[in-house]
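Undergrad: heads up, no residue letters with this:
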């Protein structure tokens, strides 16, 4: 069974850094396209970063230069390093497994990141 | 502003059909037949309902159907049921390789 479990969320001050991890089971993390999707309180969904099977990475303009996505085959985990955090980065962050790279077929339960002074 | 525009809300009575539109505001997004739809109940994780415009994952009722004409994709729910009350998001592949979501539509069952 495919499972995605996020960890690392919490309260952080503006300008700070946080690293989210997603422990994957049921498949090899490097065998799939993986996406981080966030949802601000009461708002819609926003894909912030994707990592391809070939290791290429892409980012939404809103996080480019601040966030870094990576995967680790030895731990079978997906990570999102978030630097220079802003108040508007406050959201639930979902780890997600893509269907190819054209849809999201499996979602984690989400990790809440709150950026506030 | 999202590259995909959805109505804020639609409503219908049980048994009726409702259709949610999703219009691409850029030709880039509108040129792909890689539209997916997600259902999200309050406080819950999104669920894939339709992918590649018309395909249903295993387990999704056939009351849910997708289509696309030009730059507008649509999700139709036939035989509306109380459990269909939720937020629905369309999503598309883009030339920037990252998926883009619409703003979401709240479906209310009257």
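TA: Ah, there it is. No experiment lies behind these values; they were computed from the predicted model shown.

Undergrad: show me what from chain B comes close to chain A.
TA: Neighbours of chain A within chain B, by CB under 8 Å from any CB of the partner chain: B:2, B:32, B:34, B:36, B:38, B:40, B:45-48, B:51-52, B:57, B:89, B:91, B:93, B:96-104. From N, CA and C alone the C-beta is placed, and that goes for glycine too.

Undergrad: 6 Å instead?
TA: Counting by CB under 6 Å from any CB of the partner chain, chain B comes close to chain A at B:34, B:36, B:45-46, B:48, B:51, B:89, B:93, B:97-99, B:101, B:103-104.

Undergrad: among these, name the buried ones.
TA: For these, a burial check counting by 16 or more other CB atoms under 10 Å in any protein chain shown picks out B:34, B:36, B:45-46, B:48, B:51, B:89, B:93, B:98-99, B:101, B:103-104.

Undergrad: nearest residue to residue A:17 in space, please, no chain neighbours.
TA: residue A:83 (4.7 Å; CB to CB, 6 or more residues apart in numbering or on different chains).

Undergrad: just the strands in chain B please.
TA: B:4-5, B:9-12, B:18-24, B:35-40, B:47-50, B:64-69, B:72-77, B:86-92, B:100-101, B:105-109 (DSSP state E).

Undergrad: that should have said chain A, apologies.
TA: Counting by DSSP E, chain A has these strands, from start to end: A:3-7, A:10-12, A:18-25, A:34-39, A:45-51, A:57-59, A:67-72, A:77-82, A:91-99, A:103-107, A:111-115.

Undergrad: now these in TSV, with mean neighbour count, distance to chain B and mean pLDDT?
TA: Supplementary listing: the strands of chain A in TSV, determined by neighbours: other CB atoms under 10 Å in any protein chain shown; distance: least, CB to the nearest CB, whole Å; pLDDT from 0 to 100:
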stretch	mean neighbour count	distance to chain B	mean pLDDT
strand A:3-7	17	10	97
strand A:10-12	14	20	97
strand A:18-25	19	13	98
strand A:34-39	24	7	98
strand A:45-51	23	4	97
strand A:57-59	18	4	96
strand A:67-72	17	11	97
strand A:77-82	22	14	98
strand A:91-99	23	6	97
strand A:103-107	22	4	97
strand A:111-115	19	12	98
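
Undergrad: how far is the lowest-mean-pLDDT helix or strand in chain B from where the chain is centred?
TA: Least confident element among the helices and strands of chain B, by mean pLDDT, DSSP states H and E: helix B:27-30 (a mean of 72). Helix B:27-30 has its C-alpha centroid displaced from the chain centroid by 17 Å (CA atoms, centre = their mean, to the nearest Å).
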